[in-house]
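> quick check, what structure comes out for this input:
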Amino acid sequence: MKYATVAALLLMIITGMPARAAISTLSEADKTCLGCHGTAGIEKQRANGETRSLHVAPGEFAQSVHSVIGCGGCHADINLSTHFVAKDKIAGSHEKSFAHIKICRVCHEEKFNLYEGSIHASLRRQGVPVAPVCTDCHSPHRVIRKAAYDSTTGTPCSKCHGSIFQAYAGSVHGQIRTGKDGAHAPGCAGCHRAHDVTAAATENQLKNTCLGCHQDVLLVHQKWLPNAGRHFESVSCPACHAPAAQRKVDLRLYDSATQKRLREKEGVPQFENRARAVDVEGKGLNALALRSLLREFNRDGGDGKTILRGRLEVRTGVEAHQLADKTQAIRDCEQCHRKGSDPFQSVTISIARPDGRLLRYDAQNEVLSSTVSIESVGGFYAIGATRIKLLDTLLLFAVVGGITVPIGHMTTKWLVRKYLKRGGGHPRDQAPSSPDDRSTPE
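You can find the predicted model right below:
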């Protein structure tokens with residue numbers, strides 16, 4: 001035990017040496033600040049009853065990238081003569097964080113502009129209290145270059161997206177990330193980006209992100225998957241590569257002229273209001289209600305027509321991260337291409353929010369196979385799964401007609417020839433001779 005204690009003390013001394021050496025390089029002004037704020041347990045109570053820690057670990061701050069600008073670099077508004085009696089005008093910690101991001105912008109203009117275009121900033125502007133800002137991911141007093149993300153714990157992403165990170169950690173990407181070839185596996189920012197975080201469902205971002213690493217995947221699929229290009233357009237990657245996930249059909253509203261997803265206008269929630277208005281019974285949109293919904297959007301005018309594009313995908317964001325090794329991917333066509341297949345029992349209609357996130361509304365699965373839906377659903381037709389009886393009937397007539405017409409023509413032609421052979425040749429051979437050729441009686 002004595003040896004273990006000595007070893008522990010030596011370890012503490014050795015690991016603490018860099019921090020102490022760094023502290024000695026701080027300015028006298030910073031040391032004055034840390035004279036109080038370096039005390040463990042120092043805190044302050046805000047007007048809303050929230051308690052905020054004021055502790056700044058001297059060693060961590062001294063080793064951070066911000067140590068070169070010192071305390072005054074970010075806290076230039078502090079006046080020591082009034083510092084101890086001044087009242088905080090900001091009620092809570094998030095309000096304080098929102099105020100501080102303007103300070104971050106002074107030095108980090110490029111990163112700040114990327115952040116302002118992100119889904120995180122959009123949520124902040126909407127007044128969501130937990131929307132992350134700079135200091136939620138980068139603790140300002142212990143920022144170490146390129147050390148914001150911890151691949152083992154998922155910090156800071158896992159602070160808000162814990163269940164998704166757990167799914168990722170157990171996936172093929174997560175397992176590679178913590179293994180010998182960890183550098184080759186994507187982390188959170190690898191797919192979602194670090195500052196300009198956007199919704200994964202925006203346009204083709206999910207598919208394009210996958211293809212960014214798996215560049216030859218279409219050629220590989222073409223070797224065994226019929227019409228692979230069409231599958232890539234209508235089936236999300238996790239729908240096959242997360243075999244334990246439940247799948248569904250999402251019918252997305254598109255503008256036929258721009259070939260882009262319809263987006264809700266800022267502050268004008270038309271989609272949900274219109275969907276509820278036509279869904280009289282509240283059981284989800286049926287075929288007639290869906291057609292009425294599309295008519296409502298088409299009345300808005302514009303160059304194009306509102307159409308629907310179907311896509312097979314997994315039901316939740318957690319399931320989208322449960323990617324398995326490629327050897328476990330679904331390759332059985334009957335998983336989808338059969339009557340009553342599970343993926344086609346759950347259907348949603350969706351539109352993009354202004355920030356790119358999807359807003360969905362439930363629909364009844366009959367919209368995929370109703371005659372009324374032919375115009376609405378359009379080209380989303382999965383052989384064996386979304387059979388529309390009218391189309392089957394028309395196809396049957398077309399096939400029967402295509403077969404009987406040439407057979408009937410050939411049969412008639414054969415019968416005519418047979419008849420003529422019995423009667424002594426072709427009708428033209430039986431025509432009466434001209435008057436000049438007839439002999440006259442003597």
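> domain ranges for this protein?
For the chain, automatic domain parsing gives the domain ranges 21-148, 149-197, 205-387, 389-424.
> average pLDDT across the third one?
What that stands for is domain 205-387. The average pLDDT within domain 205-387 is 90.
> ok, now stretch 133-145?
87.
> give the buried residues for it.
Buried residues in stretch 133-145, counted by 16 or more other C-beta atoms under 10 Å: 133-143. Bear in mind the C-beta positions are built from the backbone N, C-alpha and C, glycine included.
> same check, this time on stretch 50-67
56-64, 66-67.
> now do it, average pLDDT.
Average pLDDT, stretch 50-67: 89.
> over to stretch 179-188?
Per-residue pLDDT values over stretch 179-188 give a mean of 78.
> now do it: distance from first to last residue.
One end of stretch 179-188 to the other measures 16 Å (C-alpha to C-alpha, to the nearest Å).
> in that stretch, what's buried?
Here stretch 179-188 shows 185-188 as buried, counting by 16+ other C-beta under 10 Å.
> tally of neighbours for D279?
Residues lying near D279 (other C-beta atoms under 10 Å) number 20.
> who's in contact with it?
Taking C-beta atoms under 8 Å, 6 or more residues apart in numbering, we find D279 in contact with 285, 289, 361.
> among these, who's most crowded?
Counting by other C-beta under 10 Å, top hit in the contacts of D279: L285 with 25 neighbours.
> who touches that residue in this structure?
By C-beta under 8 Å, 6+ apart, L285 lies in contact with 275, 278-279, 293, 349, 361-364, 367.
> end to end on stretch 46-57, go ahead and measure it.
22 Å.
> equivalent analysis for stretch 328-337, please.
19 Å.
> and it, how far out from the chain middle?
When C-alpha coordinates are averaged (C-alpha atoms, centre = their mean, to the nearest Å), stretch 328-337 and its chain have centres 22 Å apart.
> contact partners of stretch 148-156?
Contacts with stretch 148-156, where a contact means C-beta under 8 Å, 6+ apart, come from 132, 136-138, 157, 161-162, 165, 168-169, 177-178, 182, 187-189, 194.
> could I get the buried residue list for it?
Judged by neighbour count (16+ other C-beta under 10 Å), stretch 148-156 contains these buried residues: 149, 154, 156.
> next one: stretch 201-215
Taking 16+ other C-beta under 10 Å as the criterion, stretch 201-215 shows 201-202, 205-206, 209-210 as buried.
> inside helices: which ones of those residues?
If you go by DSSP state H, those have 205-206, 209-210 in helices.
> pipe those into JSON lines and attach distance to E313 per row.
Output for these, formatted as JSON lines (distance: C-beta to C-beta, whole Å):
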{"residue": "Q205", "distance to E313": "13"}
{"residue": "L206", "distance to E313": "9"}
{"residue": "T209", "distance to E313": "14"}
{"residue": "C210", "distance to E313": "13"}
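> out of these, who's nearest K305?
Distances from K305 to those, taken as C-beta to C-beta, are shortest for Q205 (24.7 Å).
> just checking, what packs against the helix or strand containing L218?
Taking DSSP states H and E as the definition, L218 sits inside helix 217-222. Here helix 217-222 touches helix 205-213, helix 228-234, going by 3 or more C-beta pairs under 8 Å, 6 or more residues apart in numbering; DSSP states H and E.
> any chance of the ones you listed in TSV, plus distance to I23?
As requested, the helices and strands packed on helix 217-222 are exported to TSV (distance: least, C-beta to C-beta, whole Å):
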stretch	distance to I23
helix 205-213	43
helix 228-234	56
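> which residue ranges form the helices in the stretch 251-400 of the chain?
Remark: helices assigned in the stretch 251-400 of the chain by DSSP state H, counting those that start in this stretch are 270-278, 287-298, 317-320, 374-377, 389-422.
> show me what counts as buried in the longest one.
What that stands for is helix 389-422. Buried positions in helix 389-422, judged by neighbour count with 16+ other C-beta under 10 Å: none.
> stretch 70-77 now?
Buried, per 16+ other C-beta under 10 Å, within stretch 70-77: 71, 74.
> what does it rub up against?
Applying C-beta under 8 Å, 6+ apart, the set of residues contacting stretch 70-77 is 26-27, 29-30, 33, 66, 78, 100, 103, 140.
> residues near the nearest residue to E266 once chain neighbours are set aside, how many?
Spatially, and ignoring its direct neighbours in sequence, E266 is nearest to P354 (4.8 Å; C-beta to C-beta, 6 or more residues apart in numbering). Around P354 there are 13 other residues, counting by other C-beta under 10 Å.
> contacts only, for T306.
Applying C-beta under 8 Å, 6+ apart, the residues contacting T306 are 253-256, 262, 294, 297-298.
> all strands for the stretch 1-150 of the chain, in order.
43-45, 51-53 (DSSP state E, counting those that start in this stretch).
> need those in a markdown table with distance to V268, can you?
Converted to a markdown table, these look like this (distance: least, C-beta to C-beta, whole Å):
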| stretch | distance to V268 |
| --- | --- |
| strand 43-45 | 41 |
| strand 51-53 | 38 |
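> which one of those lies closest to F84?
strand 43-45 (11.3 Å).
> counting by contacts, list what the closest one packs against.
Under the contact definition 3+ C-beta pairs under 8 Å, 6+ apart, strand 43-45 sits against strand 51-53.
> direction included, what does the strand it packs on pair against?
Neighbouring strands of strand 51-53 in its sheet, by DSSP bridges, are strand 43-45 (antiparallel).
> pLDDT averaged over the partner strand - what is it?
Average pLDDT, strand 43-45: 82.
> ok now it, how far from the chain's centre?
The mean C-alpha position of strand 43-45 is separated from the chain mean by 40 Å, C-alpha atoms, centre = their mean.
> go on, stretch 199-216?
Distance, centroid of stretch 199-216 to centroid of chain: 9 Å (C-alpha atoms, centre = their mean).
> and the contacts of that stretch?
Stretch 199-216 is contacted by residues 119, 186, 191-192, 198, 217-218, 232, 236-237, 260-261, 317, 320, 352, 355-358 when judged by C-beta under 8 Å, 6+ apart.
> which among these count as buried?
119, 186, 191-192, 198, 232, 236-237, 261, 320, 352, 355-358.
> between all of those residues, which two are separated the most?
Maximum pairwise distance among the buried ones among the contacts of stretch 199-216 (C-beta to C-beta): 26.0 Å, between F232 and D355.
> residues near the nearest residue to V235 once chain neighbours are set aside, how many?
Leaving aside its chain neighbours, V235 sits nearest to L312 (4.6 Å; criterion: C-beta to C-beta, 6+ apart). L312 has 20 neighbours, counted by other C-beta under 10 Å.
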